[in-house]
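> Make a model of this:
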Amino acid sequence: MKNNNEFLPIGTVVVLKNGTKKVMINAYGVFPTDKVFSKGKETQRKKELFKYGGCIYPEGIIDSNTIFAFNHEDIDKIYHMGMISPEYNEFVAKIKSNYDNYKKQFESNENN
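Take a look at the predicted model:
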């Protein structure tokens, strides 16, 4: 998916690459602290900050295993765009201006 610097609005529904279920974006700046799965298999967790957090759609957050962390480039298809408002535009401008610095600090911090 192109436009890796964009933050899609909360409520956007997507399908991830190699995914079969729709995922609804419900958070920004997510870092997994529990089990991490890639392509359906559990993998080693590394210190990484992801642009998005999401839950399966339409079920929502059923338990902690149904929360997803992913980046823009992991999105295969957008099914529905969330609401775009002046508040969203202002918030995303703040996120975009600080995200890369926050990501570098988080991923390099030895205490996390």
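
> how about the strands of this structure, start to end?
13-16, 22-30, 36-38, 41-43, 50-57, 67-70, 75-80 (DSSP state E).

> What distance do you get for F70 to P86?
F70 is 27 Å from P86, where distance means CB to CB, to the nearest Å. Heads up, the C-betas are built off the backbone N, CA and C, glycines and all.

> In terms of packing, which of those two has more residues around it?
A direct count of neighbours by other CB atoms under 10 Å for F70 and P86 places F70 higher, at 19 against 7.

> Now do the contacts for that one.
Neighbour list for F70: 16, 23, 50-52, 54 [criterion: CB atoms under 8 Å, 6 or more residues apart in numbering].

> Using a markdown table, please lay out these together with neighbour count and distance to E107.
Listed next are the contacts of F70 as a markdown table, based on neighbours: other CB atoms under 10 Å; distance: CB to CB, whole Å:
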| residue | neighbour count | distance to E107 |
| --- | --- | --- |
| L16 | 19 | 21 |
| V23 | 24 | 23 |
| F50 | 19 | 11 |
| K51 | 24 | 13 |
| Y52 | 24 | 16 |
| G54 | 25 | 20 |
